[in-house]
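Chemist: Let me see the structure of the following:
(one chain, ligands or ions: 1)
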Amino acid sequence: MRAFLIIGNKAVTKPFNLNDLAGGAGRMDILCRFVAQALFVSHGIRKDVEVYLLLLGKPDPPKTIKIVGSEVKTMAPDERNIAGLIRRALKVKCDKDWKESTSGIYISKKGLKDLLDELSKRYKIVYLRENGNDIRSFVGKVDDCLFVLGDHLGLKREQEEVVLSFADGIVSVSPISLQADQCVVILHYELDRLTS
Ligand SMILES: C[S@@+](CC[C@H](N)C(=O)[O-])C[C@H]1O[C@@H](n2cnc3c(N)ncnc32)[C@H](O)[C@@H]1O
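Modeler: Next up, the predicted model:
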């Protein structure tokens, strides 16, 4: 299994306007592109992938969305379609347990620590950071990893402290600072080469 988490510092926690993903929805466009690159291949979905979106924007943070590749049925790879499904999930009244919104898409009130507490039982936690160790030195340790990435703002110091308290490694995919969805494409490329 492979899993990806993005921390959306501004991503809103209530239903939002699909025509304003980059503005009023708190850079929800970044999260939608992240989902698309994490889940989709040509004419299909990666069944061995889970995607987690931590939404920390107004008015009711934190909320976390979980998307399970093997269960998703009605998602298309375009930003608007993905945003529509996130918007629907945000209409669900939730607490700290996962509640299913549409097939394969769940929502909860988990914050970063609760989420990593849960996921570190199933995954090695790998923090993606520009100055980390080269992904190619990670050969042989790549099964069942959760890769944690920031949005356009990166991780705040206190978020980084939480991630590092769980992390098995800090990994870089390029000498250049990239967008989160670009990092996901490179990760899949490197991991597919090792495991396919
Ligand atoms: C657009 S970047 C964040 C830039 C932000 N200004 C900062 O300084 O953190 C989004 C996220 O992608 C990941 N990232 C970007 N470039 C990377 C690289 N070369 N290697 C590993 N992760 C990278 C990091 O997790 C980063 O927080």
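Chemist: Tell me the residue of the protein that sits nearest the ligand?
Modeler: Gly154 (2.0 Å; Cβ to the nearest ligand atom). C-beta: built from backbone N, CA, C; applies to glycine.
Chemist: Now do the same for that residue: its pLDDT.
Modeler: We note a pLDDT of 97 for Gly154 in this prediction.
Chemist: Pairing partners for the strand ranked longest in the chain, with directions?
Modeler: Scanning the chain for the longest strand, with DSSP state E as the assignment, gives strand 124-134. According to DSSP bridges, strand 124-134 forms sheet pairs with strand 145-150 (parallel), strand 167-172 (parallel).
Chemist: Now mean pLDDT and mean neighbour count too, for those strands, in TSV please.
Modeler: Shown next, in TSV, are these (pLDDT from 0 to 100; neighbours: other Cβ atoms under 10 Å):
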stretch	mean pLDDT	mean neighbour count
strand 145-150	98	24
strand 167-172	96	19
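Chemist: want to throw those strands into CSV with distance to the ligand?
Modeler: Shown next, in CSV, are the strands paired with strand 124-134 (distance: least, Cβ to the nearest ligand atom, whole Å):
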stretch, distance to the ligand
strand 145-150, 3
strand 167-172, 4
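Chemist: Against Arg129, how distant is the residue of the chain closest to the ligand?
Modeler: For Gly154, the distance to Arg129 equals 8 Å [Cβ to Cβ, to the nearest Å].
Chemist: List the buried residues of the helix with the most length in the chain.
Modeler: Ranked by residue count and defined by DSSP state H, the top helix of the chain is helix 180-195. The neighbour-count check on helix 180-195 (16 or more other Cβ atoms under 10 Å) flags Ala180, Asp181, Gln182, Cys183, Val184, Ile186, Leu187, His188, Glu190, Leu191 as buried.
Chemist: Next up, the contacts around the last one.
Modeler: Pointing back at Leu191 there. Arg2, Val142 (Cβ atoms under 8 Å, 6 or more residues apart in numbering).
Chemist: does Lys73 sit in a helix, a strand or a coil?
Modeler: Classification of Lys73 using DSSP: H, G, I helix; E, B strand; the rest coil returns coil.
Chemist: distance of it from Asp151?
Modeler: 27 Å.
Chemist: Let me know how buried Ala76 is, in neighbour terms.
Modeler: 12 (other Cβ atoms under 10 Å).
Chemist: out of the buried residues of helix 180-195, which touch the ligand?
Modeler: Restricting the buried residues of helix 180-195 to those near the ligand by Cβ under 6 Å from any ligand atom leaves Ala180, Cys183.
Chemist: Relative to Glu100, which of the buried residues of helix 180-195 is nearest.
Modeler: Comparing the buried residues of helix 180-195 against Glu100 with Cβ to Cβ places Val184 closest, at 24.0 Å.
Chemist: That'll do, ta.
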